[in-house]
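> Make a model of this:
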Amino acid sequence: MLFADARWEPVFGEGVLLVPLLLFLTLGTAWDMSVILRGRGLIVDRRIVLLGTAAVACSALLPTVWNAVAAGTERVNAYPTNCPVGQFGWVVFAMVSSIFASFLKELCIYRSSLAAGEGPGPLESSVMVRIAVSIFLIAYAGIPMSLLVATRTLGEGTWGLAALLTVVATTKSADAGAYFAGRSLGRRRLAPQLSPGKTWEGLLGGVAVATLVAHGCVWLLFPAVSPGNAGLPTWLPWVLGISLSLAGLVGDLAESLAKRDASAKDSGSWLPGLGGVWDVTDSLIAATLPGFLCFAAVS
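A predicted model of the protein is given here:
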């Protein structure tokens, strides 16, 4: 998919061919989270959650798709650069639409329950709790993934693809570095109540590995994927390595908190040997914001 995206970017637009992978990670995360919450006795409307999450995550691609269609026909003008909605406005539009879709669904259910003479149920199944759960899942899984889409559309041509690969490689290498450093050198536990295997030595190892990988991506990956573009500042890999590894740790601990609360070992079983999709995306979801901000600052 990555090769196809780079090869056919002038035809389909920036990042459009990566949508299947984006949806797998986004919807898989939302599904795993719904399983965790259902294990705690909460009612989750998966149809609303999955549709809303997909809409929010993909909405940032609308200007790109618009321009790709405009390039193939004379009947459609290019997406205006001074459009007040811009790119992230569509993310807000999709999020607000998902909120009121949740309310509309509950209005239909509430009307049916009144007609049947049913009274209010327990707190776990109350209208506002169901709506709050749906909105949280859509926002948590959808909005950060829309930032990955926005990262892909930065710069010109395949520049954004190199930026996206750098964010992913740096974040996940921090996970690997922390794991191996913690196993071999770990002595002082970082968060024993949430994740007994995490240590301060592992954290430092993760930061070191992530910084090395960020340097490799900036000085080797960018010239290979996006040749001809101007060089990047020397401070960028240092900031990427530190910020993405620390943000990834927060995302990892957030998932650990949810799993501890639900007494679950893995978030799911979609990826044999790795656990659920959320076990893979937990750190990446938290790292999307600093990753986007770093590359937006130098694009």
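> contacts and neighbour counts: CA atoms only from here.
Will do.
> In terms of helix, strand or coil, where does Ser267 fall?
At Ser267 the chain is in coil, as set by DSSP: H, G, I helix; E, B strand; the rest coil.
> That one and Phe24, how far apart?
Distance, Ser267 to Phe24, using Cα to Cα, to the nearest Å: 15 Å.
> Between these two, point out the one with more neighbours.
Legend: neighbour count by other Cα atoms under 10 Å for Ser267 and Phe24, higher for Ser267 (25 against 13).
> now the helices for the stretch 51-200 of the chain?
Ranges of helices in the stretch 51-200 of the chain, per DSSP state H, counting those that start in this stretch, are 62-72, 88-115, 127-152, 159-185, 200-216.
> Of those, which is nearest Ala224?
Nearest to Ala224 among the helices of the stretch 51-200 of the chain is helix 159-185; the distance by Cα to Cα comes to 8.8 Å.
> So which elements touch that closest one?
Packing partners of helix 159-185 (3 or more Cα pairs under 8 Å, 6 or more residues apart in numbering; DSSP states H and E): helix 127-152, strand 195-199, helix 200-216, helix 222-225, helix 236-262, helix 277-298.
> Next, the angle from the third one to helix 159-185.
When you say that, I think you mean helix 200-216. 150 degrees (axes from the mean of the first three to the mean of the last three Cα atoms, to 10 degrees).
> Which other helices and strands does helix 200-216 contact?
With contacts taken as 3+ Cα pairs under 8 Å, 6+ apart, helix 200-216 sits against helix 159-185, helix 236-262.
> Same check on the second one?
In terms of contacts (3+ Cα pairs under 8 Å, 6+ apart), strand 195-199 is packed against helix 159-185, strand 189-191.
> ok, residues contacting that strand?
178-179, 182, 186-192, 253, 256 (Cα atoms under 8 Å, 6 or more residues apart in numbering).
> can you do 10 Å?
With contacts defined as Cα atoms under 10 Å, 6 or more residues apart in numbering, strand 195-199 is touched by 178-179, 181-183, 185-192, 205, 249, 252-253, 255-257, 260.
> quick one on the thing from earlier: mind checking which of the helices of the stretch 51-200 of the chain is nearest Val19?
The closest of the helices of the stretch 51-200 of the chain to Val19 is helix 127-152. By Cα to Cα, the value is 8.9 Å.
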